[in-house]
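Student: Kindly generate the corresponding structure for this input.
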Amino acid sequence: MAVGPPVLFLPPGMTGLQALTFGEAAGRLGVSGRELAELVVGGRLKVLPVGDVQLIPLREVQRLTAERERQQGPIV
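Tutor: Residues are numbered from 1 along each chain as shown. Okay, here's the model as predicted:
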């Protein structure tokens, strides 16, 4: 049985969540699409399934950016 990426589940009634495409998230984090995919597969970044597409919640990108700033090193 294949294990998918970590998924972000929204509480009922939650609205207004901002999400990015993989390309947008990779650009904001300064990583390649492949590196972003590795972060997802490795469980360091949660995804939000929307229909047939998976988006990256903006708060996940902000969290990783803050981690990088604290560590002053690469994300991957």
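
Student: contacts, neighbours, all on C-alpha from now
Tutor: Noted.

Student: Check which residues of the lengthiest helix in the chain are buried.
Tutor: Taking residue count as the measure and DSSP state H as the definition, the longest helix of the chain comes out as helix 58-71. Of the residues in helix 58-71, those scored as buried under the neighbour-count criterion (16 or more other Cα atoms under 10 Å) are Leu58, Glu60, Val61, Thr65.

Student: Contacts only, for Arg44.
Tutor: The neighbours of Arg44, taking Cα atoms under 8 Å, 6 or more residues apart in numbering as the test, come to nothing; the list is empty.

Student: From Gln71, how far off is it?
Tutor: Arg44 is 15 Å from Gln71, where distance means Cα to Cα, to the nearest Å.

Student: tell me which helix or strand of this protein sits lowest on mean pLDDT?
Tutor: strand 48-50 (a mean of 85; mean pLDDT, DSSP states H and E).

Student: That strand: partners in the sheet, and parallel or antiparallel?
Tutor: Here the strand partners of strand 48-50, with direction, are listed using DSSP bridges: strand 53-57 (antiparallel).

Student: Now the partner strand: buried residues?
Tutor: Buried residues in strand 53-57, defined by neighbour count with 16+ other Cα under 10 Å: Gln54, Leu55, Ile56, Pro57.
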